Every structure is written in C-alpha cells, then in structure tokens.
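Novice: would you be able to build a 3D model of this:
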Amino acid sequence: MTENLSAFNGSAVALGSFDGVHAGHRAILSETVSAADRAGLTPSAFTFGMPPALFKNPGFPGILTDTDEKLALMKECGIGTVLVADFGDIHGLSPEDFIALFLIKKLKAKTVICGEDFRFGADRAGNTDTLRAFFGENAVVLPFLTFNGRKVSSTEIRAMVAEGDVSTAATLLGRPYSLSGESFEGRHDGRRLGFPTINILPPDGKVLPPNGVYITKTVFPDCTDYPSVTNIGLSPTLDFTGTKRLETHLLNFGGGFCPKGRYTVMFLERVRGEFVFGSVNELAEQISKDKKRAEEYFKNN
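Specialist: Numbering: from 1, shown residues only. Reported below is the predicted structural model:
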C-alpha cells in the first residue's frame, strides 16, 4: 500500500516489523496518526514483508500476518502510506544509510515513532538513541505494552498460537488470530455424519495452532461471518492421507449451499486435541459434544 511518495511534503513514520499488528503495534500506529494530524503530515509506516527473525532463526514458527493482512490492518489504523522493504536486501546498510535512504529520501520523515526495543541497520547497531540524534524531539519512543507482567510482542503471540492458547493470543492481538484459504470439496465425511464442513488448506508460512478442535468464527467470501467449530489436523479416524486441513462446521447455518471462494477462520478458544476414535459412531458423538460446547460459548459471549 503506497501512495506517490513524491506527492506529499512530509510524513510521520511508524517503524517496526509489525507482524500481527498487535495491541502494542496499534499503540505505535495510533500515535503516528495523532502526530501526523498535529503537524499536517502524512501518517506512514516503514516495515518488512517478512519479519527479520525469519532470516535469523531456522526454528521460526511462522508469521502471524502476511503482507496483505498487515497492510489491511495498518489501513484500518489510519496509516495512509506503507513502505515495505525486503530485509534480505537492506540488512547490511549502516543505520545512517538506512535513515538517509528510507526515512529521509523516500518517506520524507519529519517525525518517527517506534517502540523502545526498535533496532535497525547492520548488526542491529541503530537504536532509539540513533533516531534521537537525527530527529531530536521528533523521535517518539513508546514504552512496552504489557499484559499480566509480560511484554506484548509478536514472539509471545506466536508461541501462544503454536501452543493452542488462541484466547490469550486474541487478547494481545486485539482480535482473533485467523487463517484464510480457498475452499475445496472434501470427501463429504462430515456431511454423512450430519456435520457438513467447509474445507480449506492451512496457508503456507503462517504459524498454526496445534491439531485439535476450536471454537471459531468463519468469514464467507462476501464478508458475512458465522459462529462455527473447526478441526485443524489430519482427521486420523477417517483419512489416512496425512493431509492437514481446516474442517469448519457452521452452527445453526440455514443458508444451505456454501459457495466456493476464500474463507477466513478466526480462532476464539481451544476445545480439545485431535484423537483417533474407535468407530465412526464415537467420532459422531464427540463432534456433537464439541458442537454443543461451541453453542454454549456463543450463547454466553
């Protein structure tokens, strides 16, 4: 999401990786919009397409938001211009060259806003003191946002999602964690059991909750959403292909046919792990219990 970068006189620039655009990120973006409004600047951001940690950590669990999701969330926060860089192309720049090339030349930054742990340039040599040396009082550094004594960070949220704690992850994100994909026609096992499902494959590169059953909301291609219950995993009782997928059953859905298209599954709460059942009847009984628990959740929330 970029505008003509030569068409404005100056910008207030939020700095960060912004994977997840979580509550801490939103504080930075909100301050950026406020600073831009006060000074008559364009609210902007500099970020990376992929988090720098992805290049440094071979065990990186996956991203929280792809670039399109990140840009859409930033736009919701009021950011008008985003410069997305490839970390692999610029990680060797000195902090001074980074400021000169990206902040001054390309974004015409008059004010910069970041978190207190922001680092940049080769060997992470640049920090908030470096920014203050260039921008003076127009370098705004926000303190960490904390939750139950822990810093709100993308690293923490990735770990929560990977452990299945999607409810706490939603609190830190400020919205439910979600996975999106194109629907495909399955084997109709759920329909034969009385629980028809929408099936999508997990997107590549995103951190996945552990296999199991979750209370979810499902967003249709037309942006309507419905309460649902979702199994993510291999469906080991009925399928032996080893294909991981999301199978989502809509609660009290009276719409009949679900169109092909792109669906988004928002994870609200974990119900249980993935089990191998002794019979199809045992599986159907458990699905019925999972559905009732989800219905009770939505009744109370």
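
Novice: any idea how far Lys70 is from Val166?
Specialist: Remark: distance between Val166 and Lys70 (Cβ to Cβ, to the nearest Å) = 19 Å. C-beta coordinates here come from the backbone N, C-alpha and C atoms, glycine included.

Novice: and Thr197, by the same measure?
Specialist: Here the criterion is Cβ to Cβ. By it, Thr197 lies 29 Å from Lys70.

Novice: and Leu246, by the same measure?
Specialist: Looking at Leu246 against Lys70, where the rule is Cβ to Cβ, the gap reads 21 Å.

Novice: next, count neighbours for the closest residue to Thr146 other than its chain neighbours.
Specialist: Excluding the flanking residues, the one nearest Thr146 by Cβ to Cβ, 6 or more residues apart in numbering is Val152, at 6.5 Å. Close neighbours of Val152, defined as other Cβ atoms under 10 Å, add up to 22.

Novice: His91 against Phe55, yeah?
Specialist: Yes - applying Cβ atoms under 8 Å as the test, His91 and Phe55 come out as touching, 7.3 Å apart.

Novice: these two: which is more packed in?
Specialist: With other Cβ under 10 Å as the criterion, His91 and Phe55 differ in neighbour count, and His91 comes out ahead with 18 against 14.

Novice: list the contacts for the more buried one?
Specialist: Under the criterion of Cβ atoms under 8 Å, 6 or more residues apart in numbering, the contact list for His91 reads Pro52, Phe55, Ala122.

Novice: so which of those comes closest to Glu76?
Specialist: Set against Glu76, the nearest of these by Cβ to Cβ is Pro52 (24.0 Å).

Novice: for that closest one, which non-adjacent residue is spatially closest?
Specialist: On the basis of Cβ to Cβ, 6+ apart, the spatially nearest residue to Pro52 that is not a chain neighbour turns out to be Phe87, at 4.9 Å.

Novice: list the contacts for that neighbour?
Specialist: Going by Cβ under 8 Å, 6+ apart, the list of residues near Phe87 reads Phe48, Gly49, Met50, Pro51, Pro52, Leu54, Phe55.

Novice: for those residues, give me a markdown table that also has pLDDT, secondary structure and distance to Val271.
Specialist: Compiled in a markdown table, the contacts of Phe87 are given as follows (pLDDT from 0 to 100; DSSP: H, G, I helix; E, B strand; the rest coil; distance: Cβ to Cβ, whole Å):
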| residue | pLDDT | secondary structure | distance to Val271 |
| --- | --- | --- | --- |
| Phe48 | 90 | strand | 35 |
| Gly49 | 86 | coil | 34 |
| Met50 | 82 | coil | 32 |
| Pro51 | 80 | coil | 30 |
| Pro52 | 76 | helix | 35 |
| Leu54 | 74 | helix | 30 |
| Phe55 | 74 | helix | 36 |
